[in-house]
Structure formats: structure tokens, C-alpha cells
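Asker: Whatever this is, show me its structure:
(2 chains)
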There are 2 protein chains.
Amino acid sequence: MPAVDKLLLEEALQDSPQTRSLLSVFEEDAGTLTDYTNQLLQAMQRVYGAQNEMCLATQQLSKQLLGYEKQNFALGKGDEEVISTLHYFSKVVDELNVLHTELAKQLADTMVLPIIQFREKDLTEVSTLKDLFGLASNEHDLSMAKYSRLPKKKENEKVKTEVGKEVAAARRKQHLSSLQYYCALNALQYRKRMAMMEPMIGFAHGQINFFKKGAEMFSKRMDSFLSSVADMVQRSSSLCLPFLSAFP
Amino acid sequence: MPAVDKLLLEEALQDSPQTRSLLSVFEEDAGTLTDYTNQLLQAMQRVYGAQNEMCLATQQLSKQLLGYEKQNFALGKGDEEVISTLHYFSKVVDELNVLHTELAKQLADTMVLPIIQFREKDLTEVSTLKDLFGLASNEHDLSMAKYSRLPKKKENEKVKTEVGKEVAAARRKQHLSSLQYYCALNALQYRKRMAMMEPMIGFAHGQINFFKKGAEMFSKRMDSFLSSVADMVQRSSSLCLPFLSAFP
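Answerer: Predicted structure coming up:
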């Protein structure tokens, strides 16, 4: 592992084999980072997808609980209690759905979005500048080859000057694109840490908020309601007993 | 809506048109309940499915966070801090995964299972007994028709007695199956309330437990960790600035 943390811009013009070798290390690192980022994004999108599905599922459950009232049961005696209890449960599921929806939004904005932006902006920029640098290097190599193939006769002086200008222009272009490419690779090394941690900070904040609000929601009042419903169910099932045992 | 809450077993033998009409009301009610139960089960299984997917998704995310260390980045300088932070986040996601897994198990046992059992046991029993009652009624009708078609001649006395026995046996069988069917329909009316509410009590208890443990987990210690990570990210991004502005 080389003990350097950036590509030196002043080395770009000379473009020595040492600099090229160091460049390849930075390029390999960027490639690994791109692969890892894609895998991490996929894992995060799966968590977001599950969270989103939970929103849709709780929405459907709440609706289904309300639907009991609209079934027009042929025998509706004693159903008022069931209807009002299921309405209450539907409200609970709705409130839960609000929390799930808020969490899904937070995960989208503070976990998935930053890593998508890192991929679309930083990693894509490096890959684009790599292509441009490659093109400029090729052009420079071609113009250099053209210059070296020129016959050494005196009458070619004018052509030589022209090709010399071409070489100089190609070198300027290559130098410029290498500066941009080095800058982007250096910046990537510093952005890397932020890019890896920022989404998880968003994830953790979202969860903290979710559990805080959820714990407040499912407070004492819910407990007393549940024990009264449990009593009611108990009553129903003891009422039920004679009918179950009426016939062997 | 009739002002009755059960089929009277003593009416079963006479099998009057009034009793048959009341029976059809109970049957309609059982049919509506079966449809509604299937829809409710579907909605509950969707919630369970989402919860289960959240378990798998958090598991994958935790593994992916640990994977950073194993990437063999060509440039690993300064990565120790990132690695240890991602390890910590992986542990947080693992703990969260434990909570999600526990909730998924609770939803399976106390929400989905009771309603599946209600469908497989109570509703299926009613539907089976309905079929048996239908078969016994048909048999009884056939033996009655056979009896009434017998010629009224004296020499048929012996055949008449035999067919008479057949009719009596068929009536006993029909009576028995109607008693069982009435019992099951009556029991269903009482089980109905319990069957509708029990899964939601399970759901609510699961959520209360989940949020209580989650709120304990994401306590103060998490807050201080997050602000130290946020500081670190802040430092990284200010270090990053000169590289970003180095080239216009």
C-alpha cells in the first residue's frame, strides 16, 4: 500500500512511468470503490423496498379492518362491539402506517439518495475523465509518432513546424485532462469516507425517530385498551363453550 | 336482520320451512364470514411478508457493511476509521435485525396462525358439515320418494315395512347431521368475534414489544456515537474542499 494520499498535480506534465504507476493504483482503488458502492446501494435499496412494502401492507390491513362493517353480515347481532374494536385497530394501524411512511421517506432522502448521488456524480465523473484522459493521451501519442516519422530534409521545415504545433497542442490537451482526472481521483479519496458513512447516519437517525415516536404511540392507553379487548374475547370464548360441548 | 342468535336444536327434527329459512340466513352469514376471513388473512400475510423481507434486507445490509474491510482497497490510508464505524453500524443493524426477526415470529404465531386455524378448523368444519347435511337430506328425500311410490296393494306389506325402516334410518341420519351442522353454525357465531379480534391483539402486542425494545436500543449512547460520526464526516468534507476547488 503506497504511503501517499494524493496524485501530485505538478507531476502531471512530465507524465513519468512512476506517476503512471501511481495513477494505476488510484484507478484500481476507484474501481473497487465503484463495485462496493453498487453492492451497498443494492442492499440499501432492499431495505428501502421492504420499508415501502410495509407502508402498502399496513395500508391494506387498515382498509380491510374497516371493511368488516360493510360486509352486510346476515346475522349482525352483537357485531357493534366487533365493529368498534376493529375501527380502533384500524386507527392504530393507520398511525403505524404514518410512522412507516415517514421512515420510508427518510430512508429514501437520507440513505438511498446520498449514495445514488455519490455514484451518479463522483464515480461517474472519475470514469468520464478517465475516458477523456485516455483519448487525449492517444491523440498526443499519434501526433508524436507523426512528428518522429517526418523525413529530416530541409524542404520539410514548414511541415515540421506545423506538426510541432500539433504536438504542443496535443500535449496541452493531455496535460489539462490529466490535471482534471488527478483532481477527481484525489477528491474521490476524500469523499469516499463521507460517502460510506453518510447513508448509515441517515439510516440510524431515521430508526431513532421511528422508535421514539412508536414507543410514544404505543403507550399506556394502548395497554388498557388491549386488556379490555382481551376481556371481551375471553367473555366470547366462555360464552362459546356450551355450544362447543353441546354435541359430542 | 332476524332477532335470533342461534339455531334451536329442538327444531332440527321437524325441519320446518321456517327452520330451513333461518338456516339459510346462518349459511349466508357463514359464507360472508369465509370471504371476509380470506381477505383479512391475505392482508395479514402481506404485513407478515413485509416484516419478513425486512429481516432479510437488514441481514444483507449488515453483511455488506462488514464487507468493506474485505475489499482490499488499493489505497487503504485512513480507512481504519471508516472500517470501525461501519463495523459499529453493522452491529446496530444486527440488533435491529433481532428485533425485526422477533416481531416477524410474533406476527406469525399470534396474528397469522390464529386466523389460519380459524379458517382451517371452524370454517372448514362448517363447510364439511354442510356437505354431509346435504347428502343426508338427499338420501332422506330419495327414500321418502321410494316409499310414496309403493303400490297400495296388500301383498306389498313386507316391502313397505322394509322401505319404512329405510326412511326412518335416513331420517335419523339427517337429524344427526343437522344437529351437528346447527351446532357448528351456532359455535361459528360465537367464535366469529374472537376470530376477528384475536389476531389484531397479537399484532398490537407484537408492535408494543417491538417499539419498547427498539426505543431502549436506540438510546442516548447511540446519539453520542452519531454526533461523533457526523463530526468525522464534517472533517472529511472540509478536508475535501481544497481538492474540489483546486481546479476550476
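Asker: just the helices in chain A please.
Answerer: A:17-66, A:79-107, A:113-117, A:124-149, A:157-217, A:220-245 (DSSP state H).
Asker: I'd like the ones you listed as a markdown table, with distance to A:E10, mean neighbour count and mean pLDDT appended.
Answerer: To be clear about C-beta, it is placed using only N, CA and C from the backbone, and glycine gets the same treatment. What follows is the helices of chain A, written out as a markdown table (distance: least, C-beta to C-beta, whole Å; neighbours: other C-beta atoms under 10 Å in any protein chain shown; pLDDT from 0 to 100):
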| stretch | distance to A:E10 | mean neighbour count | mean pLDDT |
| --- | --- | --- | --- |
| helix A:17-66 | 10 | 18 | 96 |
| helix A:79-107 | 44 | 19 | 94 |
| helix A:113-117 | 31 | 16 | 97 |
| helix A:124-149 | 17 | 15 | 94 |
| helix A:157-217 | 10 | 19 | 92 |
| helix A:220-245 | 67 | 14 | 66 |
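Asker: Including distance to chain B, could those go into a markdown table?
Answerer: Formatted as a markdown table, the helices of chain A follow (distance: least, C-beta to the nearest C-beta, whole Å):
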| stretch | distance to chain B |
| --- | --- |
| helix A:17-66 | 4 |
| helix A:79-107 | 4 |
| helix A:113-117 | 11 |
| helix A:124-149 | 11 |
| helix A:157-217 | 4 |
| helix A:220-245 | 4 |
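Asker: Nearest to B:K70, out of these?
Answerer: Closest to B:K70 of these is helix A:17-66 (C-beta to C-beta; 9.7 Å).
Asker: what's the angle from that closest one to helix B:79-107?
Answerer: Counting by axes from the mean of the first three to the mean of the last three C-alpha atoms, to 10 degrees, helix A:17-66 lies at 20 degrees to helix B:79-107.
Asker: Next, report how far helix A:17-66 is displaced from the centre of its chain.
Answerer: Distance of helix A:17-66 from the chain centroid (C-alpha atoms, centre = their mean, to the nearest Å) equals 4 Å.
Asker: and it, what other elements does it pack with?
Answerer: Using 3 or more C-beta pairs under 8 Å, 6 or more residues apart in numbering or on different chains; DSSP states H and E, the elements in contact with helix A:17-66 are helix A:79-107, helix A:113-117, helix A:124-149, helix A:157-217, helix B:17-66.
Asker: Nearest to A:D15, out of the ones you listed?
Answerer: Per C-beta to C-beta, nearest to A:D15 of the helices and strands packed on helix A:17-66: helix A:157-217, 7.0 Å.
Asker: The closest one - contacts with which helices or strands?
Answerer: Where contact means 3+ C-beta pairs under 8 Å, 6+ apart, helix A:157-217 is packed against helix A:17-66, helix A:79-107, helix A:113-117, helix A:124-149, helix B:79-107, helix B:157-217, helix B:220-245.
Asker: Columns distance to A:M232 on top of these, output as JSON lines?
Answerer: Output for the helices and strands packed on helix A:157-217, formatted as JSON lines (distance: least, C-beta to C-beta, whole Å):
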{"stretch": "helix A:17-66", "distance to A:M232": "16"}
{"stretch": "helix A:79-107", "distance to A:M232": "6"}
{"stretch": "helix A:113-117", "distance to A:M232": "46"}
{"stretch": "helix A:124-149", "distance to A:M232": "60"}
{"stretch": "helix B:79-107", "distance to A:M232": "21"}
{"stretch": "helix B:157-217", "distance to A:M232": "7"}
{"stretch": "helix B:220-245", "distance to A:M232": "39"}
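Asker: Next, the contact list for A:A57, please.
Answerer: B:43, B:46-47, B:49-50 (C-beta atoms under 8 Å, 6 or more residues apart in numbering or on different chains).
Asker: can you rerun that using 10 Å?
Answerer: A:93, A:97, A:100, B:43-51, B:53 (C-beta atoms under 10 Å, 6 or more residues apart in numbering or on different chains).
Asker: Find the residue at the geometric middle of chain A.
Answerer: For chain A, the residue nearest the mean C-alpha position is A:V112 (2.9 Å; C-alpha atoms, centre = their mean).
Asker: My guess is that residue contacts A:Y48. True?
Answerer: Yes. Using C-beta atoms under 10 Å, A:V112 makes contact with A:Y48 at a distance of 5.3 Å.
Asker: how about A:L150, what does it touch?
Answerer: For A:L150, the contacting residues are A:156, A:159-160, A:163-164, by C-beta under 10 Å, 6+ apart.
Asker: and the gap between A:D94 and B:A168?
Answerer: 60 Å (C-beta to C-beta, to the nearest Å).
Asker: number of nearby residues for A:A12?
Answerer: 21 (other C-beta atoms under 10 Å in any protein chain shown).
Asker: so what's it up against?
Answerer: A:19, A:23, A:133, A:174-183.
Asker: and if you look at A:F133?
Answerer: A:12, A:23, A:173-174, A:176-182, A:184.
Asker: Between those, which sits nearest A:Q60?
Answerer: The nearest one, if we look at the contacts of A:F133 relative to A:Q60 and count by C-beta to C-beta, is A:A184, at 46.9 Å.
Asker: wait, the closest one sits on A:S127?
Answerer: Yes. Taking contacts as C-beta under 10 Å, A:A184 lies within contact range of A:S127: 9.4 Å.
Asker: what touches both of the two?
Answerer: A:A30.
Asker: Return the distance of A:Q174 relative to A:L142.
Answerer: 11 Å.
Asker: Let me fix that, I meant to ask about A:A184.
Answerer: For A:A184 relative to A:L142 (C-beta to C-beta), the value is 25 Å.
Asker: doesn't B:N97 make contact with A:A50?
Answerer: No. Between A:A50 and B:N97 there is no contact under C-beta under 10 Å: 11.6 Å.
Asker: what's the overlap in contacts for those two?
Answerer: By C-beta under 10 Å, 6+ apart, the residues touching both A:A50 and B:N97 are B:54-58.
Asker: A:Y68 and B:A195 touch, don't they?
Answerer: No. With contact defined as C-beta under 10 Å, A:Y68 does not count as touching B:A195 (11.4 Å).
Asker: Quickly list what's touching both of those two.
Answerer: Contact criterion C-beta under 10 Å, 6+ apart; residues shared by A:Y68 and B:A195: A:82, B:33, B:40.
Asker: Kindly reformat those as TSV containing distance to B:D223.
Answerer: Output for those, formatted as TSV (distance: C-beta to C-beta, whole Å):
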residue	distance to B:D223
A:V82	43
B:L33	49
B:L40	40
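Asker: Identify, from those, the entry nearest to B:Q189.
Answerer: Out of the shared contacts of A:Y68 and B:A195, the member with the shortest distance to B:Q189 (by C-beta to C-beta) is B:L33, at 9.1 Å.
Asker: is it true that that closest one touches B:M196?
Answerer: Yes. Counting by C-beta under 10 Å, B:L33 does reach B:M196; the two are 8.9 Å apart.
Asker: list residues touching both of these two?
Answerer: What both B:L33 and B:M196 touch, as defined by C-beta under 10 Å, 6+ apart, is the set A:68, B:118.
Asker: follow-up on the earlier one: give the residues shared as contacts by A:V112 and A:Y48.
Answerer: With C-beta under 10 Å, 6+ apart, A:V112 and A:Y48 have common neighbours A:F203.
Asker: now stretch A:117-128, how far from the chain's geometric center?
Answerer: With C-alpha atoms, centre = their mean, you get 13 Å for stretch A:117-128.
Asker: Touching, A:M200 and B:H87? I think so.
Answerer: No. If you go by C-beta under 10 Å, A:M200 and B:H87 don't touch, sitting 11.1 Å apart.
Asker: Need the residues touching each of the two.
Answerer: B:L65.
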